[in-house]
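>>> Coordinates for the following, if possible.
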Amino acid sequence: MKDYSKKLFLWLPISIAVLFLLNISLGSITIPFDEVINILLGNDGSKESWANIIINFRLPKALAAVVVGAGLSISGLQMQTLFRNPLAGPFVLGLSSGASLGVALLLLAGVGVVGTGLFGLSSWLVVIAASVGSALVLSLVMVVSVRVQDSMTLLIIGLMFASLTGAVVSILQYFSTGEEIQVYLFWTFGSLGGLSWNEVSILLLILISGLMLVIAAIKPLNALLLSENYVQSMGLNVRKSRAVIILSTSLLAGSITAFCGPIAFIGLAVPHLTRLLFHTSDHKILIPAVAMTGSIIMLICDIISQVPGSDMILPINAITSIVGAPVVIWIILRRGTMKNTFAG
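Have a look, this model is predicted:
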């Protein structure tokens, strides 16, 4: 790693720490920064309500932003490498569409959560429904991945799964009431708030599990930058490597969608930003760099969504799209040079 990259690598965790504290400090209720630090250190705040807000609401939300940013970014990196496609994202295999279908069946088919909101027991029902939908698509993709010979065919099939599930959701919306559609649309906006410590803990455990699979796949990921034939020439099993990559992506992206809803562009844009900053395609460097950069971007988006100085909270999915869309446009405009980027 070059000296420039080493210095930049050291700045990433510092940036996460600063943005993490800033994220916790901002909100509809103004809490002095020294009080925030005091409460985080385990001391009693001047007001009991401040400690409750920070510990039970803002701290889990900030941790969720770190986990979501890292998980989606790593998922996007794996998909772009597997398919050698700069426009591939973590949901290219239809996982988000599968989760959306599960939630749509729950919310739009009138099974009892409409009118109760997305809190309490109904929140876990939404998570379970999204997880089942995502797992169903994952199962289909895994079966197909064993049968197909190349990744491009798998990519096309994944897009077809997404189109199919999207069509079913559209039909459900057509026959649903305005109230049911409103609740479903609220879920599609994405949200980092409202997660309990139990939910954040589950997300963190899944992130660690996904990271372990990613680390095990570093060698085939680097080999895939050249071709699947090169993977075979190194004595690696292409289909097994592909399955590990898909499983890791599914764990990360599927669980995040289940708990936080679909969050766009982070997994698509962050890997390219990281390659641009570090000038490398080596996954030994990219995986931790992408994870930290994703956390930084997600924390920034969450801060913006809170509209500092206002009681308004914007949908996180809208903010990530505003940040990520210009990056994707830049990718398309430079598509003729993206092959050089993947070749390292």
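
>>> okay, CA-based contacts and neighbour counts for the rest of this
Fine.

>>> got the CA coordinates for stretch 306-317 in CSV?
Provided in CSV are the C-alpha atoms of stretch 306-317 (Å, rounded to 0.1, in the frame of the first residue of the first chain):
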residue,chain,number,x,y,z
GLN,A,306,-32.4,14.6,10.1
VAL,A,307,-32.4,18.2,8.7
PRO,A,308,-30.3,19.7,11.5
GLY,A,309,-32.2,22.6,13.2
SER,A,310,-35.6,21.2,12.2
ASP,A,311,-38.1,18.7,13.5
MET,A,312,-38.4,17.2,10.0
ILE,A,313,-36.9,13.8,9.2
LEU,A,314,-36.5,12.9,5.5
PRO,A,315,-36.7,9.4,4.1
ILE,A,316,-33.2,7.9,4.2
ASN,A,317,-33.7,6.2,0.9
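
>>> correct me, but residue 183 touches residue 107?
Yes. Judged on Cα atoms under 8 Å, residue 183 makes contact with residue 107 at a distance of 7.2 Å.

>>> higher neighbour count, the two?
Regarding residue 183 and residue 107, a neighbour count based on other Cα atoms under 10 Å identifies residue 107 as having more, with 28 against 19.

>>> So for the residue positioned nearest the centre of the chain, what's the nearest residue that isn't a sequence neighbour?
Per Cα atoms, centre = their mean, the C-alpha nearest to the average position across the chain is that of residue 72, at 2.7 Å. Spatially, and ignoring its direct neighbours in sequence, residue 72 is nearest to residue 267 (4.7 Å; Cα to Cα, 6 or more residues apart in numbering).

>>> ok, how many other residues are close to that neighbour?
By the criterion of other Cα under 10 Å, residue 267 has 30 neighbours.

>>> which ones are touching it?
By Cα atoms under 8 Å, 6 or more residues apart in numbering, residue 267 lies in contact with 69, 72-77, 89-90, 294.

>>> Is it correct that residue 242 is in contact with residue 82?
Yes. Using Cα under 8 Å, residue 242 makes contact with residue 82 at a distance of 7.4 Å.

>>> quick one on the thing from earlier: distance of the residue nearest to residue 72 from residue 8?
Note on residue 267: its distance to residue 8, by Cα to Cα, to the nearest Å, is 21 Å.

>>> now swap in residue 152 and tell me
Applying Cα to Cα, the value for residue 152 to residue 8 is 34 Å.

>>> try residue 299
18 Å.

>>> follow-up on the earlier one: please produce TSV containing the contacts of residue 267, extended by pLDDT and distance to residue 46.
Shown next, in TSV, are the contacts of residue 267 (pLDDT from 0 to 100; distance: Cα to Cα, whole Å):
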residue	pLDDT	distance to residue 46
69	95	33
72	94	38
73	95	39
74	95	40
75	93	42
76	92	43
77	94	44
89	83	45
90	83	44
294	95	34
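
>>> Looking at those, which are in helices?
Those of those mapping onto helices are 69, 72-77, 294, per DSSP state H.

>>> Could I get those residues in TSV, plus columns for distance to residue 288?
Output for the ones in helices among the contacts of residue 267, formatted as TSV (distance: Cα to Cα, whole Å):
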residue	distance to residue 288
69	12
72	13
73	10
74	9
75	12
76	13
77	11
294	10
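
>>> Greatest separation within those residues: which pair is it?
69 and 77 (12.2 Å; Cα to Cα).

>>> so residue 290 makes contact with residue 269?
No. With contact defined as Cα under 8 Å, residue 290 does not count as touching residue 269 (10.3 Å).

>>> biggest helix in the protein by residues?
helix 121-147.

>>> mind checking how far it is from the chain centre?
Relative to the centre of its chain, helix 121-147 is centred 16 Å away, using Cα atoms, centre = their mean, to the nearest Å.

>>> for that helix, which positions count as buried?
By 16 or more other Cα atoms under 10 Å, the buried positions in helix 121-147 come out as 122-123, 125-138, 141-142, 145.

>>> The stretch 51-200 of the chain: strands as residue ranges?
Ranges of strands in the stretch 51-200 of the chain, per DSSP state E, counting those that start in this stretch: none exist.

>>> Point out where it drops to low pLDDT.
Counting by pLDDT under 70, the stretch 51-200 of the chain shows low-confidence ranges at 110-122.

>>> Tell me where it has helices.
Applying DSSP state H, counting those that start in this stretch to the stretch 51-200 of the chain gives helices spanning 59-83, 95-108, 121-147, 151-174, 178-188, 197-216.

>>> quick one, which of those helices is nearest to residue 21?
When these are compared by Cα to Cα, helix 59-83 sits nearest residue 21, at 8.6 Å.

>>> Mind giving me the packing neighbours of that closest one?
helix 3-25, helix 151-174, helix 197-216, helix 218-224, helix 238-260, helix 266-278, helix 283-305 (3 or more Cα pairs under 8 Å, 6 or more residues apart in numbering; DSSP states H and E).

>>> count of neighbours near residue 168?
The number of residues packed near residue 168 is 14, by other Cα under 10 Å.
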